[in-house]
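> no sequence on this one, just coordinates:
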């Protein structure tokens, strides 16, 4: 790397000397630290001294006289601040004008709704009312769904297939063979048993627990295995269309 000769500068704020590379030298002046630069700008870059200030542009803009809709006072404001729906002399006048109850633009009526599980009355906003029922909290909702969505009422009910016993062939020896065939790796996310810290579950591709041929079995981690409980027909087609198990 080519060596760069540093240049000595004098800080505009504290007047200390410092050596910096030429690319850091600015025409507007140099500083020994950010602190010195911020202090100097705070003193010398205010109001009309600011480098973005344009007095001529400010002088050419004519302010407009408006009538405050709240207190009735007159005030001169910038033309871009003129509101056809009404103007105010201050923020306090704007906030206090016609801004209570149903007239507030954020108004949301509150209703007394009974909890679907325990029957307790809760005062909630109209926008939060659920036509299928409201609950006091997550605990009430969880207890309600655990009692009402069981067995045939569960959205993923498949006629009790999950309670069917496994075939005699589905032994520890067969599961060990499938894991070894799949290199002890999840065939979906490719995480290994060593990374996960547990033995890989063995999944039935066609969800038939009696079909224990090796072509119908595949190693999946717990997370991927849980996902196969939803949209089962899609998962069956997905695994059957894979040419080689263990890729």
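Now that the structure is in, tell me what you want to look at. Keep in mind it's a predicted model, so treat the numbers as computed, not measured. Numbers count the residues shown, from 1 in each chain.
> low-confidence stretches in this structure?
Scanning the chain for pLDDT under 70 picks out 1-4, 25-29, 47-61, 100-106, 151, 154-164, 243-247.
> what's the end-to-end length of stretch 224-241?
From its first residue to its last, stretch 224-241 covers 18 Å (C-alpha to C-alpha, to the nearest Å).
> let me fix that, I meant to ask about stretch 217-228.
End-to-end for stretch 217-228, by C-alpha to C-alpha: 13 Å.
> which residues touch that stretch?
The contact list for stretch 217-228 (C-beta atoms under 8 Å, 6 or more residues apart in numbering) reads 174, 178-179, 181-182, 184-189, 191, 196, 198, 200-205, 235, 239, 245. For glycine as for every other residue, the C-beta is placed from the backbone atoms N, C-alpha and C.
> okay, buried residues for stretch 136-145 please.
Residues of stretch 136-145 classed as buried by neighbour count (16 or more other C-beta atoms under 10 Å): 136, 140-141, 144.
> could you chop the chain up by domain?
Following automatic domain parsing, the chain resolves into domains at 64-98, 110-148, 167-240.
> so which of the contacts of stretch 217-228 belong to helices?
Secondary structure from DSSP state H places 174, 178-179, 181, 196, 235, 239 of the contacts of stretch 217-228 in helices.
> among those, the buried ones, what's the PyMOL command?
Buried residues among the ones in helices among the contacts of stretch 217-228 (16+ other C-beta under 10 Å), as a PyMOL selection:
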select buried, resi 174+178+179+196+235+239
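> could you dump the ones in helices among the contacts of stretch 217-228 to JSON lines with distance to residue 46?
Below are the ones in helices among the contacts of stretch 217-228 laid out as JSON lines (distance: C-beta to C-beta, whole Å):
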{"residue": "174", "distance to residue 46": "81"}
{"residue": "178", "distance to residue 46": "75"}
{"residue": "179", "distance to residue 46": "72"}
{"residue": "181", "distance to residue 46": "75"}
{"residue": "196", "distance to residue 46": "61"}
{"residue": "235", "distance to residue 46": "67"}
{"residue": "239", "distance to residue 46": "70"}
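> any idea which of the ones in helices among the contacts of stretch 217-228 is closest to residue 121?
Ranked by distance to residue 121 (C-beta to C-beta), the ones in helices among the contacts of stretch 217-228 are led by residue 235 at 44.5 Å.
> apart from its neighbours in sequence, what residue is nearest that closest one?
residue 228 (4.8 Å; C-beta to C-beta, 6 or more residues apart in numbering).
> number of residues surrounding the one you found?
Residue 228: 20 surrounding residues under other C-beta atoms under 10 Å.
> also residue 113?
19.
> and the one helix or strand it maps to, what does it pack onto?
Per DSSP states H and E: residue 113 is located in strand 110-114. Counting contacts by 3 or more C-beta pairs under 8 Å, 6 or more residues apart in numbering; DSSP states H and E, strand 110-114 packs against strand 121-125.
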